[in-house]
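# Build the 3D model from these lines:
(chains A, B, C and D)
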Protein chains: 2
Amino acid sequence: MEEYDNLKLENQLCFPLYACSKEIIKKYKPYLDKLDLTYTQYITMMVLWDKKKINVKELGKYLFLDSGTLTPLLKKLEQKGYIERNRNKEDERNLIISITKLGIELRNKVKDIPNNISKCVNLEQTEAVQLYKLLYKVLNGLK
Amino acid sequence: MEEYDNLKLENQLCFPLYACSKEIIKKYKPYLDKLDLTYTQYITMMVLWDKKKINVKELGKYLFLDSGTLTPLLKKLEQKGYIERNRNKEDERNLIISITKLGIELRNKVKDIPNNISKCVNLEQTEAVQLYKLLYKVLNGLK
DNA sequence: TACAATTAAATTGTATGCAATGTAATTATA
DNA sequence: TATAATTACATTGCATACAATTTAATTGTA
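Model prediction:
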């Protein structure tokens, strides 16, 4: 082992994570472009399809994003009519994001995306599961 | 399996990739901040430490980045004195990036970063290797 | 050899992503 | 209860990312 081997790009763990993430997100683009959605908007809608109603703080926890990213993004989703933004009457600090009828309908238009993306990723089912588990182990174990 | 289960955030493979990548990059921040480097600048330097001289196109292939990202980034690294930017005399379209003495010396200052990051990531050595292999399998197999 | 096609960077425009700061509402406490 | 501390979101500033376009240099070809 040479002195600087651990500083080689091909010996990093973070780099393939970073590259992989970006390259797969690019694969979403043709599908999301048709719906005028970005990847970040898409995963935000995923949380909304599930939760229907959630405040920005909670949403940020699910998505690993902060208000600096979410505030403008949520305004855009509101403009498109997929969500509503309303202050919580009990605690005006909280902004409650709720999905609209149009937002719920959007789900039908993205139904096939996950399958199409799976086809791009050349992994056996067992490998995909393994990768998934390892990623969540890292994500939940970071210190 | 419900109709929309494949649209749940927790059933995506790309999302943990995306989140994991970002969260680990945040762990680099305190170390890189001290050196006034960003993560992207850091991995760019990794290629330069290895190759000494490379044009933008080639560099982009290694890093999965295009000239739109690299051009301003390389100008910043030039300002900091870590690289030089010179046109290839044989083919003026090519911009040759070469590492400077200061750039080579920088390597000594980042030597401990990989070890420090490894400590943040709660994986056994075998798991890390497994993750690494799966990531490169995805990266090289994307279609 | 003119000129079309290709190539490599640079530029432009849009959307993140995040640290740091600001603001307003709420909570804790002296 | 006045005010200090905390909290949630918004704003600002900087650095990516990347698609699309432009520019300049080179190559291919009629």
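# going forward, measure contacts between C-alpha atoms and count neighbours the same way
Will do.
# centroid residue for chain A?
Centroid-nearest residue in chain A, with Cα atoms, centre = their mean: residue A:43, separated by 3.6 Å.
# how close does that one sit to chain B?
From residue A:43 across to chain B, the span is 7 Å (Cα to the nearest Cα, to the nearest Å).
# For that residue, which non-adjacent residue is closest in space?
Nearest residue to residue A:43, sequence neighbours excluded (Cα to Cα, 6 or more residues apart in numbering or on different chains): residue B:9, at 6.8 Å.
# and if you look at residue A:123?
residue B:138 is the one closest to residue A:123 (Cα to Cα, 6+ apart), at 6.8 Å.
# Hmm, that neighbour is touching residue A:19, no?
No - with contact defined as Cα atoms under 8 Å, residue B:138 does not count as touching residue A:19 (10.2 Å).
# returning to that earlier point: distance of the residue nearest to residue A:43 from residue B:36?
Residue B:9 sits 35 Å away from residue B:36, going by Cα to Cα, to the nearest Å.
# Comparing the two, which residue is more hemmed in?
residue B:9 (22 against 12; other Cα atoms under 10 Å in any protein chain shown).
# So which other helices or strands are in contact with the biggest helix by length in chain A?
Longest helix in chain A, counting residues (DSSP state H): helix A:14-34. For helix A:14-34, the packing partners by 3 or more Cα pairs under 8 Å, 6 or more residues apart in numbering or on different chains; DSSP states H and E come out as helix A:39-51, helix A:113-120, helix B:14-34, helix B:125-141.
# what's the closest of those helices to DNA strand D?
For DNA strand D, the closest of these is helix B:14-34, at 8.2 Å, according to Cα to the nearest atom of the strand.
# May I have the residues that are in contact with residue A:32?
A:38, A:39, A:42 (Cα atoms under 8 Å, 6 or more residues apart in numbering or on different chains).
# same deal with residue A:27?
Residue A:27 sits next to A:117, A:120 when contact means Cα under 8 Å, 6+ apart.
# switch to 10 Å and redo it
Contact analysis of residue A:27 by Cα atoms under 10 Å, 6 or more residues apart in numbering or on different chains lists A:113, A:116, A:117, A:120, A:121, B:142, B:143.
# export the helices and strands packed on helix A:14-34 to JSON lines and tack on distance to DNA strand C and mean pLDDT?
Below are the helices and strands packed on helix A:14-34 laid out as JSON lines (distance: least, Cα to the nearest atom of the strand, whole Å; pLDDT from 0 to 100):
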{"stretch": "helix A:39-51", "distance to DNA strand C": "4", "mean pLDDT": "98"}
{"stretch": "helix A:113-120", "distance to DNA strand C": "17", "mean pLDDT": "94"}
{"stretch": "helix B:14-34", "distance to DNA strand C": "5", "mean pLDDT": "97"}
{"stretch": "helix B:125-141", "distance to DNA strand C": "18", "mean pLDDT": "96"}
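# Columns distance to residue A:101 on top of the ones you listed, output as TSV?
Formatted as TSV, the helices and strands packed on helix A:14-34 follow (distance: least, Cα to Cα, whole Å):
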stretch	distance to residue A:101
helix A:39-51	11
helix A:113-120	21
helix B:14-34	25
helix B:125-141	37
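# Which one of those lies nearest to residue A:84?
Minimum separation from residue A:84 across the helices and strands packed on helix A:14-34 (Cα to Cα) falls at helix A:39-51, 10.9 Å.
# How about the closest one and DNA strand D, any contact?
No - against DNA strand D, helix A:39-51 shows no contacts by Cα under 7 Å from any atom of the strand, the least distance being 10.9 Å.
# tell me what that helix is packed against?
If you count contacts as 3 or more Cα pairs under 10 Å, 6 or more residues apart in numbering or on different chains; DSSP states H and E, helix A:39-51 packs onto helix A:14-34, strand A:53-55, helix A:56-63, helix A:67-79, strand A:95-99, helix A:101-110, helix B:14-34.
# Partner strands of the second one, with direction?
What that stands for is strand A:53-55. Strand pairing for strand A:53-55, using DSSP bridges, gives strand A:95-99 (antiparallel).
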